[in-house]
Each structure stands twice: as structure tokens, then as C-alpha cells.
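# below are the sequence and a predicted model; questions follow.
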Amino acid sequence: MNILKVSRWTIAAFVLPCLLLYVCLVFVPITVSIYSGMLDWNGIGVSKFIGFANYNKMFTNDAIFWPTVGRTLLLAGFSMLVQLPIALFVAILISRYVRRPSFLVSSYFLPVILSVVVIGQLWKTIYNPASMGGMINQLLIKLGLDSWTHSWLTEPKVAIYSIIIVALWQYLGYHILIQFTGIQNIPADIYEAAKIDGAEGFQADRYITLPMIVPIFKISVVLSFIGSLQSFDLIMVMTGGGPAHTTDVISSHMYNMSFLSMKYGYGSAIASFLVVVCLAATMLVNLLFNRLDKRFS
Amino acid sequence: MSQSASVTVTKQPVVHVQRSRFSITKALVFIFLGILIITQLYPLIWLLIYSLKTNEEILSGSFFSLPSVWQWSNYSSAIEGGNYWKYLSNSLLVTVVTLTCVILLASLTAFAITRFRWKYGQLVLLVFLLGMMIPIQATLLPLMKIFKGMDILNTHLSLILPYIAFQTPIAVFIMSGFMKTFPQEIEESAVMDGAGVFRIFGNIMLPVSIPPIMTVCILAFISVWNEYILAATFISSEKLKTLPFGVYSFVSQYSVNYGAIGAFLVLGALPVILIYFLLSEKITKGMVAGAVKG
């Protein structure tokens, strides 16, 4: 039971500045966004209320929209099915074999704290054609694999994968760190008890580490899933959604629609869709893992 | 979201590290971990070398080679050509103001949620929690309209306000998670001694809340310092740009001087890397705490 009994005004003085700022700058814009999603409006001139026409157009009559959803899911899929298992594997290896892990873990983590602008520009340089000093193409030529060279960010078929690699690269260290910390926090006596029962090495991992890591793994899944849904900065910095929309994701499509094509109403509709999907996805992941939790305990 | 997983990052020795002798498995593991270090760090080192080369050296295709003469002039042309110091001080200003406000506002709110006797504390907390799932990009357009109406577009205020708003949920959550655990007897005796709420907050609660304040600072610093999209959307004057946006515009303007571009990227990354060298343990702990609580 909270102890301090104070007047209403005191409570207001403590809570309202923060709450008001937050509500005005987060909730009000989202609500406005849902409303302007029902307008035919270029952001400046006269707006016309058109109900759900924007949403209708988005779902049925926008050749770009569904591919952007697909690409967003592709990003999430790669993150969850490639990045997270690698991170877990590395975390297990580190906690098993490395006696002073902090140097390793913090080296892996370094790219996480860098600005997406720096990361994006760095990788753009790495992906450059060999004639412009690009590392990968120069390396391929050195190895005699000239036919493997690509202009990695401008060929429609490979561009999105080039970006996905950068996203996986940047955040791998984050997930390694999270899961490594999770493993560190599994009480050591459980492993000792298992040892007495004859479970050692990777068997111990199978029966102890994996079940015990589920709650922490969930955090990684939520972060990578939500992160992929919101993935935006990297794409804006590296390609802006091009070439020919082949690297557009939901949020970059929204940005391009509202700020470049000046379809303010339509952009708002996409933004609202994104908010709903984010909320739904978070709940879904939590629900799934609560089930998984129950099965293990 | 995941209060159930209460992770405390302790430095307990891990007992299940194998103290075995040299073995093939172990060698393979270390090779694998070593390769991973190279893939994670080599691009950054490559950038550093790149930034010290001449254009000819960069274009010649010998990317393993070191520059024959280290071109520090790339750095001076980057600093002179772009407004590096201006961008840096803008970033510093925006970040410091944001962090101060976030800590003050969030700790006041967390204090009210956890220590005051009132009905709606948990409701307020829930409202903040909901905000953690909202994608920032979705607020971009309406915020632009609102700020245009307030006539603060293209000022630092148009960055600071949303930055504070977006950082408060996680901050309130972390702070109230900490304050909840703080024993009530101390307040009771303070009340007996006649201390008012503001004194209890300022003289007792804030000083003991330094650890969660540090965590909040680190999380907010990383995301505010690196923020790019809001800055690029709301700011247009050259003299108001923050570092990430400045880096971006420098790179798009100087498309022919490769070395200077590399130098500017290094300079853009440098402040965070320096801080990371000094505080890497605190930063990694803070980021884990933020992830676990987020």
C-alpha cells in the first residue's frame, strides 16, 4: 500500500507535466492520424472526408502496398529465423567456453550503438561498385569471382537482401548480449545437479539452457519482430525504398506517400495500419510465449 | 511487457565453463567466435583506413592495403567542409536538454505512481506502457502538422519535445520498477519529521534512484543521439542540424571526395564510440535492462 496521502493538486503537479506532454505528442497524433486516414488531402489544401476509401484502396488497389507488407515480414522472418538462432548459439558457446566474456560481448555489441546514418552510409560504401572503392566487389574480383559482383543496392532482385544483411549485422550483437545475460542468470546449481544426473555439455543445454532461456528469448523475439515492423531509418538512408519500390517496407511506403507524393490522407491510413499491426503483433507474441511458458513449467 | 523475467545482471562466476585442456572443439569454437569478431568490427576498421586514403588509393581496388601516406587532410577538409562542430554542439544541446527533462518528468511521475495513495496510479502506468508499442514513424505526419501550427518547425524545440515524449514510457517504467522496491519506513519517518512530499522526493527518493536514472540516461542517450528521421523531417536550416542528419547531408553533398566522406563518417561515429570505450559495461547493462523491461 502506498503510504503518502497527498492532495489532488500535488498528484497533478507530479504527474500532469509528463502525462500531458506524452499524451499530446504520442496519443493525439495517432488519433489524428486515424482520422486523417479517412481524408482525401494533400496536406495543404482543402480536405474531403472519404470514409474508408483510403483503406479500401490500400488493401485492394495499391500495387505497392502488399509487397511492402511481404518485405516487412521477410525482414522479420530473417531476423527471427536466422539472427536469433545464431545469437543464441553464440551466447551458449561464449558462456560455455570463454572465461572472460566481456571483451567479446562488448565487441559484438559495438555496431548496435552507432547511428543508422553511419551504419547505412558505411555499408553503402562497402556495397559500392569496385570502381568506386566498394569492398565486397573488390574482394570478389580479387578472388576471381567477377561474375558474382553486383551493384548490390540498385539491382531490384538483390537490393532488399543487401539491406537485410546490414540489419542482421547491426543487431546481432544486441541479441547475443540479451541471451548471454539470460544464460548467465540461470542458477549454476541447476547445471551441477544435472551433472550429477549425467547431463553435461550440449545435453545440459538441450534440457536446461533452452527451457530456462524462453522468457529472455521472448524479449529478443519481440524486439526483432517489432523492430522489423518499424524498420525504416536504415532503408531511408540506404535506398529510400528504391529501385522501383523493391526495398520499400510498410513504413517507408508511408513516408514516401505522405512526404514525396503529398498524399497526406493516404499516408495516414498506412500509418494507422502500422500502429494496429504493431499492437496486434506484440499481443500475439506475448500470447504465444505465455503458452510456451506454461508448457515448460 | 515481461515483468516475469526479472533479470539482474550480476557478475557471478559461471560455473559451467569447461576448464578442459585444449581440444578440437574448443579450437573450432574460438575460430568461429574470432570470425564473428572480424565480421562485426572489420567494417568499422575498414572505414577508418578508408578515411585516411587518397581517392586514387580507394579506387585502385587494393582494399587490404594501408594508405601510403596517412591523409589526415581528409579530416580537416571534412571538418571544414561540413559544419562538424556545429552539428556536434547541436546534438549535445538537444540530447542534454532531452535527458534532463526525461529524468525530471519521469521520476516525478514514477514517484507519484509508486508512493502516493490514489486510485489511478496503475492506470497511468498502463497508458505509458501502451506507448512503448507505438511506432514513432506513425506520428511523423501529424506531429509535423501540429508543430507547423505552433510555429516551432525548424527549431530545436520541435526535436526536443517529441524526443522527451518518446523516451518517457520506458523511463517511467524503469523508474517506477525501482521505486516500488524502496522500503516505506524511510518515508514514514520522514513524514514524522515533518518533511513535505517535495522534500521527500528531492532529498530522499532522487538520490537513491541514481542506478535507474543511469539506465534511463544510457537508453535515452543512445536513441536520441542517433535519431535521424525526425531531425531530417523537422529541421531544414543548416545551423540547426544534429550530427546524424549533418552526416547524411555531408555525404550526399560531397559525393566525389571519398576520403573526406569516410572521415566524416568516422567523426560522426566517434563520440558514441569514445563513450562506449569508457562506459561499455554500464552501456551494455543498461541496454539489457531496457530490453528486458521494454
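Arrived safely. Numbering: from 1, shown residues only, chains lettered A, B, ... in the order given.
# I'd like the distance between B:Ser60 and B:Lys26.
Distance check for B:Ser60 against B:Lys26: by CB to CB, to the nearest Å, it reads 41 Å. For every residue, glycine as well, the C-beta is placed using N, CA and C.
# what about residue 70, how many residues nearby?
All of this refers to chain A. 12 (other CB atoms under 10 Å in any protein chain shown).
# hm, I was asking about chain B
Residues near B:Trp70, counting by other CB under 10 Å: 13.
# how about the strands in the stretch 101-250 of chain B?
Under the criterion DSSP state E, counting those that start in this stretch, the stretch 101-250 of chain B carries no strands.
# buried residues in the lowest-mean-pLDDT helix or strand in chain A?
Within chain A, no helix or strand scores below helix A:201-204, which has a mean of 76 by mean pLDDT, DSSP states H and E. Going by neighbour count (16 or more other CB atoms under 10 Å in any protein chain shown), the buried part of helix A:201-204 is A:Ala204.
# packing partners for it?
helix A:188-196 (3 or more CB pairs under 8 Å, 6 or more residues apart in numbering or on different chains; DSSP states H and E).
# could you list the alpha-carbon positions for the helix it packs on in PDB?
What follows is helix A:188-196, C-alpha atoms only, in PDB (Å, rounded to 0.1, in the frame of the first residue of the first chain):
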ATOM      1  CA  ALA A 188      24.700 -22.600 -11.600                       C
ATOM      2  CA  ASP A 189      23.400 -25.200  -9.200                       C
ATOM      3  CA  ILE A 190      20.900 -26.400 -11.700                       C
ATOM      4  CA  TYR A 191      23.800 -27.400 -14.000                       C
ATOM      5  CA  GLU A 192      25.600 -29.000 -11.100                       C
ATOM      6  CA  ALA A 193      22.500 -31.100 -10.300                       C
ATOM      7  CA  ALA A 194      22.200 -32.100 -13.900                       C
ATOM      8  CA  LYS A 195      25.900 -33.100 -14.000                       C
ATOM      9  CA  ILE A 196      25.200 -35.500 -11.100                       C
END
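# hmm, the longest helix along chain A in reach of chain B?
Taking DSSP state H as the criterion, chain A has its longest helix at helix A:264-296. Yes: for helix A:264-296, a contact with chain B is found by CB under 8 Å from any CB of the partner chain, at A:264, A:267-268, A:271-272, A:274-275, A:278-279, A:282, A:286, A:293.
# how near is the residue nearest to the spatial centre of chain B to A:Phe109?
Of all residues in chain B, the one closest to the mean position by CA atoms, centre = their mean is B:Ile222, 0.7 Å from it. Separation of B:Ile222 from A:Phe109 (CB to CB): 11 Å.
# so can I have CSV of the residues of helix A:264-296 next to chain B showing neighbour count and pLDDT?
Compiled in CSV, those are given as follows (neighbours: other CB atoms under 10 Å in any protein chain shown; pLDDT from 0 to 100):
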residue, neighbour count, pLDDT
A:Tyr264, 25, 84
A:Gly267, 28, 88
A:Ser268, 28, 90
A:Ala271, 29, 90
A:Ser272, 23, 91
A:Leu274, 24, 90
A:Val275, 18, 90
A:Cys278, 19, 86
A:Leu279, 14, 87
A:Thr282, 18, 83
A:Asn286, 15, 81
A:Asp293, 15, 72
